[in-house]
Every structure is written in C-alpha cells, then in structure tokens.
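Chemist: Test case, fold it:
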Amino acid sequence: MSRLEIGAKAPPFALANQAGKTISMKDFAGERFVIYFYPADDTPGCTKEACQFNDGRAAFRKLGVKVLGVSPDSAEKHVAFRTKYGLTFDLLSDPEKKVMTSYGAYGEKMMYGKKVNGVIRSTFVIGPTGKIERAWYGVRADGHADKVLATLSS
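Modeler: Modelled structure (predicted):
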C-alpha cells in the first residue's frame, strides 16, 4: 500500500453517489473538501464516524468545506444509511475499490491480530488546487471528525 504524502496531487475520482449521480474531483475545482474512506454502512464504527461528520456539518459549512464518504457499499445501502441516521452529505460507492486503492485506503491491514485485505479507514483534506493538505491513515472512528475540523480551523 502506498500512502499519499502532503503536497501530492490527489488521485482523480468519479463515483456514483447514493442517488446514482456521478460525483468527481472536477466538481470541487477551486474548493477545499474532505474525502473519507470507511469499510461499511451501518456498522458501529462507521456509523459513529458518519454521524460525527454530520453533527459537524455547520462548522464544515462555515469553513466552506464539503465532506464526502466513500465505501464499497451500493447506492441502495447508502440511501438506507443516510435515511436511518439523517446524514446530509454524499456517500459514494467504490465497489471495485479502485479509488480506495489509489488513495492507499485499501490493502493489507491487521484485524484481530491477522493480516487481511480490506478498507483502511482513512481521511484526506484536499485543497483548492487538488493537492493533499492532510492525510490520516488507520483512523480511530470516534472523535475523528473533530480532529479534522480542528485541523481545518487552525
């Protein structure tokens, strides 16, 4: 797994959101945004992380920063997850894990003491020029959205 360094050009993406609309990096040209990768909708850690990003939406909006969540789940699962928890940001589907892999957010990881291939919970702040401003790998779900906000606010 290769990790992205600060200052590197963010890998381009074009993925379907929960409504089947393609969202691409080009949609954010000239804007700062957060893209985070998570394993699965409606699991304890992923729910906590998504809800905390959602709870911080006013603060993110005030900073002019949009948030995108990406998992291998289908649009249908994303719709159910957003509805169940009142999530207001786009969730993108990466079933083939190509975008995740390009960000270093999919690969070998340790789970319960065993090496497995899977989604590596990761978050990136991408700046207005399309460069990585901040990268977190192996994120702890609880409290992470606040760390991202603190970084954006400083």
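Chemist: roughly how far apart are the residue nearest the centre of the chain and Thr47?
Modeler: In the chain, the residue lying closest to the centroid (C-alpha atoms, centre = their mean) is Tyr36, at 1.3 Å. Distance from Tyr36 to Thr47, counting by C-beta to C-beta, to the nearest Å: 13 Å. Placement of C-beta: from N, CA and C, glycine included.
Chemist: mind listing what Ala141 touches?
Modeler: Tyr38, Gly45, Cys46, Lys48, Glu49, Gln52, Arg121 (C-beta atoms under 8 Å, 6 or more residues apart in numbering).
Chemist: hmm, which two among the residues you listed are most spread apart?
Modeler: Checking the contacts of Ala141 against each other with C-beta to C-beta, the farthest-apart pair comes out as Gln52 and Arg121, at 12.9 Å.
Chemist: So for the two, which sits in the more crowded spot?
Modeler: Regarding Gln52 and Arg121, a neighbour count based on other C-beta atoms under 10 Å identifies Arg121 as having more, with 21 against 17.
Chemist: circling back to that earlier point, the residue nearest to the centre of the chain belongs to a helix, doesn't it?
Modeler: No: if the criterion is DSSP: H, G, I helix; E, B strand; the rest coil, then Tyr36 is strand and not within a helix.
Chemist: what's near enough to touch it?
Modeler: Counting by C-beta under 8 Å, 6+ apart, Tyr36 touches Glu49, Phe53, Val67, Leu68, Gly69, Val70, Arg121, Ser122, Thr123, Phe124, Val139, Val148.
Chemist: out of the residues you listed, who has the most neighbours?
Modeler: Note: the member of those with the most neighbours is Gly69, at 27 neighbours, neighbours being other C-beta under 10 Å.
Chemist: What's the local residue count around the spatially closest residue to Ala14 that is not a sequence neighbour?
Modeler: Spatial nearest neighbour of Ala14, excluding adjacent residues (C-beta to C-beta, 6 or more residues apart in numbering): Ser24 at 3.9 Å. Burial of Ser24 is recorded as 12 neighbouring residues (other C-beta under 10 Å).
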